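Student: Here's a sequence, model it:
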Amino acid sequence: MSVVEALVIDAMVLAVALSLLALARRVDFPSRLCALASLTVKTSILLMVVAVFRDDWMLGVVGAVGLICGDGGLVLLAELLRREPR
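Tutor: Residues are numbered from 1 along each chain as shown. Okay, here's the model as predicted:
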């Protein structure tokens with residue numbers, strides 16, 4: 001692994017750590033849900049970047065599926081929680 005690749009991965013891991021910090025500091029549920037969505041997006045993109053550096057396309061597929069399906073589940077959860085109880 002070259003120095004540039006290591007720096008890119010380190011920067012992305014730092015971005016994921018900042019999302020974890022934001023998730024831990026939030027109190028109300030909608031903002032926690034937004035921080036969790038940000039965390040899933042950054043983790044999936046990190047997986048895809050590592051897949052390109054390692055030339056492992058199966059890992060990239062896992063990152064793409066996590067990016068597509070993970071946010072869809074969070075959107076459905078947000079819609080369910082936004083509705084008023086009857």
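Student: for the protein, what are the low-confidence residue spans?
Tutor: 84-86 (pLDDT under 70).
Student: go with 80
Tutor: 1, 26, 29-31, 34, 70-86 (pLDDT under 80).
Student: Can you classify Val27 as helix, strand or coil?
Tutor: Of the three states, Val27 takes coil according to DSSP: H, G, I helix; E, B strand; the rest coil.
Student: Dihedrals phi and psi, it?
Tutor: phi -110, psi -50 (degrees, to the nearest 10).
Student: if I look at it, how far off is Ala35?
Tutor: 11 Å (Cβ to Cβ, to the nearest Å). C-beta coordinates here come from the backbone N, C-alpha and C atoms, glycine included.
Student: Which one of these two is surrounded by more residues?
Tutor: Taking other Cβ atoms under 10 Å, Val27 and Ala35 do not tie; Ala35 has more neighbours (18 against 6).
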